[in-house]
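Peer 1: Prediction below, plus the sequence it came from.
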Amino acid sequence: MTYRMYLYMTSIALLILGLPIVGYIVFKDISHPVAYVGVISYVIMLALFLFFSFILFMKRLKHISAEDTKKIIKQFIILFILLSVVNIMITYLFSDEKVHFLKHLIMPFAISAGLTFYEIFSLQENK
């Protein structure tokens with residue numbers, strides 16, 4: 001693995017480890033100056049991580065063949081439809097609230113997009 005990959009994995013680990021700490025600070029409404037600095041630095045690190053991930057995604061997207069692109073789009077559509085149907089069925093069967101389709105499509109879209117983007121990141125490493 002390259003230095004850039006180690007840096008990427010370390011930033012993921014820091015974001016995962018920092019999430020409960022920042023969540024606790026925000027949930028308990030801690031108003032200490034050090035807490036403010038910690039939350040602000042976490043948000044800045046998250047923004048930089050997302051920007052770096054977007055740049056990596058765009059670089060890897062250039063090198064993917066048309067066959068792989070079709071496979072990834074097909075996988076995204078199947079995942080999105082499957083997760084949407086399951087989400088709407090569970091809400092309809094086990095909840096008293098009305099099914100709002102837009103509300104119940106956001107989470108399956110995000111999960112499908114995340115899994116598909118992960119596929120694009122791992123596709124280059126496998127070849």
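Peer 2: That came through fine.

Peer 1: how does this structure divide into domains?
Peer 2: Following the assignment in automatic domain parsing, the chain carries domains at 1-62, 64-127.

Peer 1: tell me the mean pLDDT for the shortest one?
Peer 2: This means domain 1-62. Averaged over domain 1-62, pLDDT sits at 86.

Peer 1: got it, and stretch 97-105?
Peer 2: 77.

Peer 1: buried sites along it?
Peer 2: The neighbour-count check on stretch 97-105 (16 or more other CB atoms under 10 Å) flags His104 as buried. For glycine as for every other residue, the C-beta is placed from the backbone atoms N, C-alpha and C.

Peer 1: Can you show me the helices along this structure?
Peer 2: Here the chain has its helices, by DSSP state H, at 3-28, 33-62, 66-94, 101-126.

Peer 1: angle of the third one against helix 33-62?
Peer 2: In other words, helix 66-94. Angle of helix 66-94 versus helix 33-62, following axes from the mean of the first three to the mean of the last three CA atoms, to 10 degrees, is 130 degrees.

Peer 1: now the end-to-end length of stretch 92-101.
Peer 2: With CA to CA, to the nearest Å as the measure, the first residue of stretch 92-101 is 11 Å from its last.

Peer 1: Tell me how far the residue nearest to the spatial centre of the chain lies from Phe76.
Peer 2: Centroid-nearest residue in the chain, with CA atoms, centre = their mean: Gly114, separated by 4.8 Å. Here Gly114 is placed at a distance of 10 Å from Phe76 (CB to CB, to the nearest Å).
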